[in-house]
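Colleague: the sequence and its predicted three-dimensional model are supplied below.
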Amino acid sequence: MATYKEFHRRSIADRDAFWREQAKLVDWQTPFREVLDYGKPPFARWFVGGRTNLCHNAVDRHLATRGEQAALVYLSTETNEERRYTYRELHAEVNRFAGILAGLGVGRGDRVLVYMPMIPEAAFAMLACVRIGAVHSVVFGGFAAASLATRIDDARPKVMVTADAGMRGGKAVPYKHLVDESIRLAQHPPKAVVIVDRGLDTGMPRTAGRDLDYAALRKQHMDAQVPCAWLESSEPSYILYTSGTTGKPKGVQRDTGGYAVALASTMRDIFCVQPGETMFTTSDIGWVVGHSYIIYAPLINGSTTIMYEGLPIRPDPAIWWKIVEQHKVRTMFSSPTAIRVLKKQDPAYMKRHDLASLQYLFLAGEPLDEPTARWAADSLGVEIVDNYWQTETGWPILSAQPGVEKTARKFGSPSFPVYGYDVRLLHESTGAEVGANEKGVLMIMPPLPPGCMTTVWGDDERFVRTYFSTFRDKLAYSTFDWATRDDDGYYFVLGRTDDVINVAGHRLGTREIEEAVQAHSGIAEVAVVGVADQLKGQVPVAFAVVKDAARTATAEAAAALRKEVMDTVDRQLGAIARPGQVHFVTLLPKTRSGKLLRRSIQALAEGRDPGDLTTIEDPGALEQIRAALAAK
Ligand code: AMP
């Protein structure tokens, strides 16, 4: 077995040979001519000239050897359903969906927006898109109509795929209703909406000529055989929107060949799941973890993936472990917030089931605090692996790689750089590498490895400007995270350098939330900051200036306005972005040049010292923040 260090060294120093070897993990219809074209930095094109297809690699190629093996197991504790699809059945369903899309005129390069709850049809839709070379844009079901409209206008999908409703905690959550609203708001609406009718929203309105019923279409395409479109490796597979410092989310564009290769390698080297074994990722298909580790990686690997619709504590907090026992789950992937939720329950639930099959629990998406990691390790008796990555990269940047070498873990650290990533900790202004135990910005020296974002959808210039422009004289990809490395080479991620916050593993831009608050006509100005929270990591807190003082003159009036503001955020962005608190002030702390002093506001909200205030325009503004916080 190679040592981790040697494996990593080779991935950087002998890049072409290293990735040529990994590329054997997937099928190529036409072999690639060149491993990497880096002629136009920072744009990297991997496996140039190679033709392949994600759906072929995830489904078709397994038919001969594992056609009767379970590919996807769907479990819903919301509707009490359980469905199991073998690779052969999955192949048939994906062909039917591909037939439906092709019949609607969707072809190579066209976009399809998928706004779906956690049901197998969502997976069929995604796989059907990549089968015909269409580009899917999956939008998380928690996002509201206005957010959906922005994503419609950016990607201009030909077709949208949705369901009547989702279920959460036993309550139906409307989907189609929001799609209607988003189409009303959009400038470039799709011409067709395919609806999976689960019978959860009987009053669902339909628009004749636009809305189509999936069940009826499926019947028409029962025997569809749709060939895979052989895409050049760099052709896009999907777009996934993510928040940044501006109000406008970026469409992370992913390639095809590089992504397939990178994911396949991670199943062996990081997640240690063999073909035929089962992986259970508790995320949602609307997030990158869901794309990579509910859908593509386990299927490309010939493993069984579990798709779970439900909460971790319903019908009781042992549900996940019951699933692990019943389905002999080998590797599980979840988030620190989910584990903190379980930590608040009776610990007996953690011990109720036989977890002998389970070797690892991977946790990602937000910092994994040491007490949570330790508690999970002790109560489950399995190894906990913290891994750090981003929507942009699509697969881990920092992680233990037990498939390469079983290195010792340190709680609180996602261990080491993953092969392919030339990670550096750089001084924020000079760009020089910082020493051991010194804080620097976590940066990746380009080219980014295979599978990472290739550009911002429709905006190459924004890709370069956003990610590669920290230093004038050095091209480096910024993760916008602070980190340190200790004397043993272990990394510790310390939080964002920008105005992005992380709520229960979900990334939100404070600027986006501010714009949503300002959509309320009574609000003149607002500052939103992320405040530390024991359960969710961070929660957004808003400090708003009202246009008319009468609206906050009494406690009742203020409470009513507060509720209206929160409802506005729900409508604009979705409940995941709703501020935990809304405070009213008459002035916001700003520098003399008009920049919001968010760090100082955040520090006060967390009970810390506000820091250097020499540039503040009016110190009275900070007093107001203090008073507002004290009044609570
Ligand atoms: P997202 O693109 O939504 O997955 O969010 C990525 C961001 O989440 C990163 O830039 C980090 O700020 C944070 N993050 C993800 N995983 C970890 C981790 N294991 N430890 C600390 N922060 C993390």
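Modeller: Great, that's in hand.
Colleague: pull the contacting residues for G251.
Modeller: 137, 151, 154-155, 239-241, 456-459 (C-beta atoms under 8 Å, 6 or more residues apart in numbering). In short, each C-beta sits where N, CA and C put it, glycine included.
Colleague: before we move on, what about R578?
Modeller: Contacts of R578 by C-beta under 8 Å, 6+ apart are 540, 566, 569-570.
Colleague: wait, which of those residues is closest to D14?
Modeller: Comparing the contacts of R578 against D14 with C-beta to C-beta places P540 closest, at 45.2 Å.
Colleague: state the distance from the closest one to the ligand.
Modeller: P540 sits 15 Å away from the ligand, going by C-beta to the nearest ligand atom, to the nearest Å.
Colleague: likewise for D211?
Modeller: 32 Å.
Colleague: show the pLDDT at that residue.
Modeller: On pLDDT, D211 comes in at 98.
Colleague: ramachandran angles for the nearest residue to it once chain neighbours are set aside?
Modeller: Spatial nearest neighbour of D211, excluding adjacent residues (C-beta to C-beta, 6 or more residues apart in numbering): V193 at 5.0 Å. Phi and psi for V193, reported as degrees, to the nearest 10, are phi -130, psi 120.
Colleague: ditto for L263
Modeller: phi -60, psi -40.
Colleague: could we number from 13 for the rest of this?
Modeller: Okay, residue one is now 13; in that scheme the one you just asked about reads as L275.
Colleague: now the spatially closest residue to it that is not a sequence neighbour, what's its secondary structure?
Modeller: Sequence neighbours aside, A309 is the residue nearest to L275 in space, at 4.0 Å (criterion: C-beta to C-beta, 6+ apart). Of the three states, A309 takes helix according to DSSP: H, G, I helix; E, B strand; the rest coil.
Colleague: surely A309 meets V273?
Modeller: No. Assessed by C-beta atoms under 8 Å, A309 is found out of contact with V273, at 11.1 Å.
Colleague: so which bits of this structure are right by the ligand?
Modeller: Within the chain, the positions near the ligand by C-beta under 6 Å from any ligand atom are 254, 300, 376-380, 398-403, 426, 491, 493, 505, 508, 514, 519.
Colleague: count the neighbours of the residue nearest to L275 for me.
Modeller: 29 (other C-beta atoms under 10 Å).
Colleague: could you list the low-pLDDT ranges of the stretch 63-212 of the chain?
Modeller: Counting by pLDDT under 70, not a single residue of the stretch 63-212 of the chain qualifies.
Colleague: now the helices for it?
Modeller: Assigned by DSSP state H, counting those that start in this stretch, the stretch 63-212 of the chain shows helices spanning 66-70, 75-78, 99-115, 132-144, 157-167, 188-197.
Colleague: got it, and the stretch 213-362 of the chain?
Modeller: Secondary structure of the stretch 213-362 of the chain by DSSP H, counting those that start in this stretch: the helices cover 226-232, 269-281, 300-302, 309-312, 331-339, 348-355.
Colleague: and the last one, C-alpha only, in PDB?
Modeller: I take that to be helix 348-355. What follows is helix 348-355, C-alpha atoms only, in PDB (Å, rounded to 0.1, in the frame of the first residue of the first chain):
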ATOM      1  CA  PRO A 348     -22.300  17.700  11.900                       C
ATOM      2  CA  THR A 349     -25.600  19.500  12.500                       C
ATOM      3  CA  ALA A 350     -27.500  16.200  12.100                       C
ATOM      4  CA  ILE A 351     -25.200  14.600  14.700                       C
ATOM      5  CA  ARG A 352     -25.700  17.500  17.100                       C
ATOM      6  CA  VAL A 353     -29.500  17.000  16.700                       C
ATOM      7  CA  LEU A 354     -29.100  13.300  17.600                       C
ATOM      8  CA  LYS A 355     -26.800  14.200  20.500                       C
END
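Colleague: follow-up on the earlier one: right, and the helices of the stretch 63-212 of the chain - which one's nearest Q413?
Modeller: helix 66-70 (22.0 Å).
Colleague: for T77, give me its contacts.
Modeller: Per C-beta under 8 Å, 6+ apart, neighbours of T77: G314.
Colleague: sorry, back to before: among the contacts of R590, which ones are in helices?
Modeller: Using DSSP state H, 578, 581-582 are the members of these that sit in helices.
Colleague: now the buried members of those.
Modeller: 578, 581 (16 or more other C-beta atoms under 10 Å).
Colleague: rewinding a little: would a markdown table of the helices of the stretch 213-362 of the chain with mean pLDDT be doable?
Modeller: Converted to a markdown table, the helices of the stretch 213-362 of the chain look like this (pLDDT from 0 to 100):
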| stretch | mean pLDDT |
| --- | --- |
| helix 226-232 | 98 |
| helix 269-281 | 98 |
| helix 300-302 | 98 |
| helix 309-312 | 98 |
| helix 331-339 | 98 |
| helix 348-355 | 95 |
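Colleague: can you give me the neighbour number for T15?
Modeller: 11.
Colleague: I meant to write R45 there.
Modeller: 10.
Colleague: same check on H365?
Modeller: Around H365 there are 17 other residues, counting by other C-beta under 10 Å.
Colleague: repeat for the one 5 residues further on
Modeller: Applying other C-beta under 10 Å, we find 22 residues neighbouring L370.
Colleague: that one and the ligand, how far apart?
Modeller: 20 Å.
Colleague: for that residue, what are phi and psi?
Modeller: Torsion angles, degrees, to the nearest 10, at L370: phi -80, psi 120.
Colleague: of the contacts of G263, just the buried ones, PyMOL syntax please.
Modeller: Selection of buried members from the contacts of G263 for PyMOL, criterion 16+ other C-beta under 10 Å:
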select buried, resi 149+163+166+167+251+252+253+468+469+471
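Colleague: tell me the one of the contacts of G263 nearest the ligand?
Modeller: L252 (8.9 Å; C-beta to the nearest ligand atom).
Colleague: which secondary structure element contains K575?
Modeller: Assigned by DSSP states H and E, K575 belongs to helix 567-584.
Colleague: can you pull the buried residues of that helix?
Modeller: Buried residues in helix 567-584, counted by 16+ other C-beta under 10 Å: 570, 573-574, 577-578, 580-581, 583-584.
Colleague: what angle do the very next helix or strand once past it and helix 567-584 make?
Modeller: Next helix or strand after helix 567-584 toward the C-terminus (DSSP H and E): strand 593-597. Computed by axes from the mean of the first three to the mean of the last three C-alpha atoms, to 10 degrees, the angle separating strand 593-597 from helix 567-584 equals 120 degrees.
Colleague: avg pLDDT for strand 593-597?
Modeller: For strand 593-597, mean pLDDT rounds to 96.
Colleague: paired strands for that strand, with orientation please.
Modeller: Partner strands for strand 593-597, per DSSP bridges, with pairing direction: strand 549-558 (parallel).
Colleague: state the mean pLDDT of the partner strand.
Modeller: Rounded mean pLDDT across strand 549-558 is 96.
Colleague: what's the angle between it and helix 348-355?
Modeller: Using the same axes, to 10 degrees: strand 549-558 against helix 348-355 is 110 degrees.
Colleague: so how far is strand 549-558 off the chain centroid?
Modeller: For strand 549-558, the separation from the chain centroid amounts to 23 Å (computed by C-alpha atoms, centre = their mean, to the nearest Å).
Colleague: extract the CA atoms of that strand and return them as CSV.
Modeller: The C-alpha coordinates for strand 549-558 follow below in CSV (Å, rounded to 0.1, in the frame of the first residue of the first chain):
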residue,chain,number,x,y,z
GLY,A,549,-23.2,26.2,13.7
GLN,A,550,-24.5,29.7,12.7
VAL,A,551,-27.8,31.4,12.4
PRO,A,552,-28.5,34.7,10.5
VAL,A,553,-29.3,37.7,12.6
ALA,A,554,-30.6,40.9,11.1
PHE,A,555,-30.3,44.5,12.2
ALA,A,556,-32.8,46.6,10.3
VAL,A,557,-33.5,50.3,9.9
VAL,A,558,-37.1,51.0,9.3
